[in-house]
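> quick check, what structure comes out for this input:
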Amino acid sequence: MKKINIMVTMVMAFAAISNAADVSWNIGDTSGNWGTSVNWSGGVVPAKDVVTLGDVTTGKRVVTIDVTTTNDSLTMAQATVGATNVLSLSTLGIDLVLTNLTSLNFDETAGSIEINMTGGDLIAGDGTSANATVDFEGADLDISNDSMIYLSTAAGKTGTFRMGGDNVLTAPASIRMNDGSCNVYVDNGGSLAVTGDGEVTFGRINSTSSSRTINLYVNDGAALSVDTNTTLILKELRAYGQAVLYNYGVVNLGSATEPSTSEIVFDVTRGSTGAPAKTYNGSTDGTDTGIFNIYSAARIDLGNRSNTTDGSEVFNNPNSIMNFIVDSNGGGFYNTFSDYDIHLISFFNKSVINIQVHPSGTSGVALWANDGGRPSLKFYNNSGGSININNNATFKLLNNANKAGEETTFCTLYTDSGSTLNVGVDCKDTSSGGVLELRKTGNNSIPYVALINSGNLDILGNSKVYASMVQGEAGDINTWYFETFSGSDTELNNTSTIGTNSVATKFYNEGLFTKTGSGSSFVYSDGNGCATNAGTLKAEGGIVTFSEDLYTSNVVEIVIGGTETADYGTIGTEGKLIIDGGTLNVTLADGYAPGTISAKILDFDTISGTFDTVNLPDASWSSELLYTQGIVKRSTGTILIVR
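Numbers count the residues shown, from 1 in each chain. Prediction:
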C-alpha cells in the first residue's frame, strides 16, 4: 500500500481564488470524456474549479481530456485494491492547464493511479509564477506522441520535476520549462524508461532570460534507462549555461543483449564562461554511489559548444562503478560539438571502470573521445581508481582536434599514485589480451599524446598499449610519450607490447618496470633516440626488447629461474645499450638452485659504459662476459645459453 502526493507548488505572494467550485466525477467507475457535462456533479464541465476524480471500485476507469481545460486544482484518489484510476491526455493540442496556487493531489492507498499522455500537454502555471515544483512522487507516468509536461513560470525562475513511480517517456516527448533552469529528479523507488525511435528532451523552450542550468538527478534507489535507438537530450538554449547529470542510482544506456545506438546528449549553446557539461557517477565523498552501464555503441555526447577554458568534465566518484559492455563500433563518452576554441575535456576516475565485449560482437571499444575543435583531452585515473580492460576489449582515448593553430593540444592518460590500470585479464593467455590506444588525428601543428604512470600499470598476456596518429600541418611531431614516475609499478607480461612501428615511442621509466612471463615483449621506440631507464628496469622471464637505443643510469634487475631462455629475464635492444653507472642485480627465483649455467641477460648490437656495481647471486658467478656478450655464468659448468 502506498500514498502518492503529486503537487505543483508555486512560490509567490498569495492571490485569492474566486468563484472556484468543488466539482467531482459523477458517473462512478464508468469511463468518459472530460468535456461531457453529464459526467460531472452539477452537470457542468469544470472551468477554474477544484476538481476531484474519486476512487474506482472495480476495473479501470479512464477520464479522457477531450477539450482544453483550465482549472485551479485536481485531486485523484484511489483506495480500492486491484482498481486503476486513469487520467488520459490523448489528443494533440488539447491540454490540461493548472494555474495560480495550484495543487495536483494524488492520494493512492491501494490500486494505482496513472497519467497517460499520448497527445495532449500538462501545463502548470500561467507564466507569472516564481520558482515551482511538480512532484510526481510514486506516480506512474506514460508520455508519448509529442506530449509534454510544461511548467510555465516567470522568466529566469527554476522549475523542478520529481518522479518516483514507474515512468515511461516514448519519443517524441518532453519535460520543459518556459524560460528558466530545469531540474528533473528520478527519486528513490522510481524508474524512468526513455524509449522509442527518436528524441526525448528535458530543458527550456525560451531563452530570453540569462544563462540557466538543466540538471538530471537519478537518486539512490532509482533507475534511468535509455532504450536501444533513443536519444535523451538535456537542452540549455542560452549561452554560458550548463547541463549536468547526477547519478546516485543506476543508469542503463542501451541494451545488454542487442546492438544499441542510444545517446544522452548535453546540448548547451556556445558561451565563453562556465563549464557546460558535467557528469557525476556517485557523490564526491562516496556516500552516494552510482552504477553506470553503457552497452554496445551507446554514447554520452558531452555536446560542448563552449569556447570556455573550463570544458566538460566526467567524474566516476569513490565506491561507484562504470561498466562499458561495448561492441566494435565504440560506446562511451563523446564530444561532437567542439568546433570552437574550447581548451579542455577531462575525465576523473576515482573508483572502478570495467571494459568488456558486448555479447553481440567479438570485440569492443570503449571511447573517451573528442571530435572537432582544438581542445585537450585528459583522463585522470586518480588514487583509488581502477580500470580493467578485458581481453578483446579496447580502451581508446581519441582526440580529433581539427582546428589548426593550437600548439598545446593534448591527448593524455594519467594514472596517479594509488591507482590501477589493468590491460588484459590473464597473464598466461598469449593468444588474446586487452588494448589501450591513445589516438590523435586532425591538423593541429604539435600533437602531444602521452601515458603518464605514477600508479600500477599491468599489461598482461598478449595485450597492447600504443598511440596512433594522423599527421596534420607541417612540423607535426609524430611521437608519443610513455612515462612512468617514481613510486609507480609497471608490469609488461608475456607477449605484450608497448607502441607500434609506425609511431615513435618516447619511453622513460623512473619507477619499477618489470617484464614477466616466458614470452617475448617489445617496446617500440623507433626514430626517437634512446629509451631511458632512470628507475628500476627488471626482467623476471623471457625477453623485453627495445627497438632503439636503451640508456640506463640507475638499477637493472635480472631474475634467473632456470636454464631455458624463457626461465630467466633478458633485457635487449636492437640498437646501442648505453650504461651510465647504476647497479646491476642478478638474483635467483625462489627455490631455484642452479648447477652449471650461462645466461645471456643483456642483448645488444653495441654497448658503452659500465655499471658502478654488479651484484651476483654468490661468488660462484662471473660477469667477465657481461660487457662483450651480455652473459653472466656460473663458473662450474660449460652449458651456454645464447639467444
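
> a strand runs through D29, doesn't it?
No - in this structure, D29 is coil, not part of a strand, as judged by DSSP: H, G, I helix; E, B strand; the rest coil.

> what pLDDT is listed against it?
At D29, the model reports a pLDDT of 97.

> mind listing what it touches?
D29 is in contact with V56, T57, T58, G59, R61, A83, counting by C-beta atoms under 8 Å, 6 or more residues apart in numbering. Backbone N, C-alpha and C define where each C-beta goes, glycine included.

> return the distance of it relative to T64.
With the distance defined as C-beta to C-beta, to the nearest Å, D29 ends up 15 Å from T64.

> show me where the protein has helices.
Secondary structure of the chain (DSSP state H): helices at 626-629.

> could you tell me how many residues sit around G93?
Residues lying near G93 (other C-beta atoms under 10 Å) number 8.

> swap that for T257, please
T257 has 13 nearby residues by other C-beta under 10 Å.

> same thing with T563?
Neighbour count for T563, taken as other C-beta under 10 Å: 17.

> touching, it and A593? I think so.
No - contact status for T563 versus A593: not in contact, 11.9 Å apart, counting by C-beta atoms under 8 Å.

> what about N388, distance to D549?
N388 is 34 Å from D549, by C-beta to C-beta.

> low-confidence ranges in the stretch 51-200 of the chain?
Counting by pLDDT under 70, the ranges of the stretch 51-200 of the chain that qualify are 100-103, 138.

> and if you look at the stretch 501-643 of the chain?
Applying pLDDT under 70 to the stretch 501-643 of the chain picks out residues 526-529, 636-643.

> so F395 sits against N349, correct?
No - if you go by C-beta under 8 Å, F395 and N349 don't touch, sitting 11.1 Å apart.

> neighbour count winner among the two?
It is F395, of F395 and N349, that has more neighbours when counted by other C-beta under 10 Å, with 28 against 25.

> beta partners for the more buried one?
Taking DSSP bridges, one obtains A366, L436 as the residues bridged to F395.

> so what pLDDT did it get?
We have a pLDDT of 97 for F395.

> contact partners for it?
Going by C-beta under 8 Å, 6+ apart, F395 touches I355, A366, W368, I387, I389, V423, G434, V435, L436, E437.

> reformat the residues you listed as a markdown table; add distance to A171 and pLDDT.
Below are the contacts of F395 laid out as a markdown table (distance: C-beta to C-beta, whole Å; pLDDT from 0 to 100):
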| residue | distance to A171 | pLDDT |
| --- | --- | --- |
| I355 | 29 | 97 |
| A366 | 26 | 95 |
| W368 | 27 | 88 |
| I387 | 33 | 97 |
| I389 | 33 | 97 |
| V423 | 38 | 97 |
| G434 | 35 | 95 |
| V435 | 35 | 96 |
| L436 | 36 | 96 |
| E437 | 34 | 94 |
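
> ok, I321 - how many residues close by?
Neighbour number of I321 under other C-beta under 10 Å is 18.

> the one 10 residues further on too?
The local packing of G331 (other C-beta under 10 Å) involves 28 other residues.

> okay, and the common contacts of F395 and N349?
I387.

> need the contact list for G35.
Taking C-beta under 8 Å, 6+ apart, we find G35 in contact with V45, I65, D66, V67, T69.

> now do S191
S191 makes contact with G165, D166, N167, A222, A223, L224, S225 under the criterion C-beta under 8 Å, 6+ apart.
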